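J.: I'd like to go over a predicted model; first the sequence, then the structure.
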Amino acid sequence: MRVERHWWNGDRGVRARRDVYIRTDGHRWEVEALMGGIGGRSKVQQCPGESSARILADAWLGGRPEWREMAT
């Protein structure tokens, strides 16, 4: 699966870092919320399409303006 969108909260600390990803393989879509960086806890939700993945990612981001979108 390739990353379509990626946001993070800008905190480089291992415990405080938060990331949200939208991924697709062209047919399936998923959103992942990652807490604590690589090796941290994560939650992955499958979505039926791109629009539902974007809605879920927006909900998980919680409208926080401090989140930064990473280039993919």
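T.: The structure has been received and is ready for your questions.

J.: Touching, Gly49 and Trp29? I think so.
T.: Yes - with contact defined as C-beta atoms under 8 Å, Gly49 counts as touching Trp29 (6.0 Å). Heads up, the C-betas are built off the backbone N, CA and C, glycines and all.

J.: So for those two, which sits in the more crowded spot?
T.: Set side by side, Gly49 and Trp29 give different neighbour counts by other C-beta atoms under 10 Å, the larger being at Trp29 (22 against 12).

J.: what's the helix or strand for the residue most central in space within the chain?
T.: The central residue of the chain, meaning the one whose C-alpha is nearest the mean C-alpha position (C-alpha atoms, centre = their mean), is Val20 at 1.7 Å. Val20 is part of strand 18-24, with elements assigned from DSSP states H and E.

J.: which SS class is the residue of the chain positioned farthest from its centre?
T.: Computed with C-alpha atoms, centre = their mean, the residue of the chain farthest from its C-alpha average is His27, at 18.1 Å. Here His27 is coil, with the state taken from DSSP: H, G, I helix; E, B strand; the rest coil.

J.: can you start the count at 387 instead of 1 from here on
T.: Done: numbering now begins at 387, and the last item shifts to His413.
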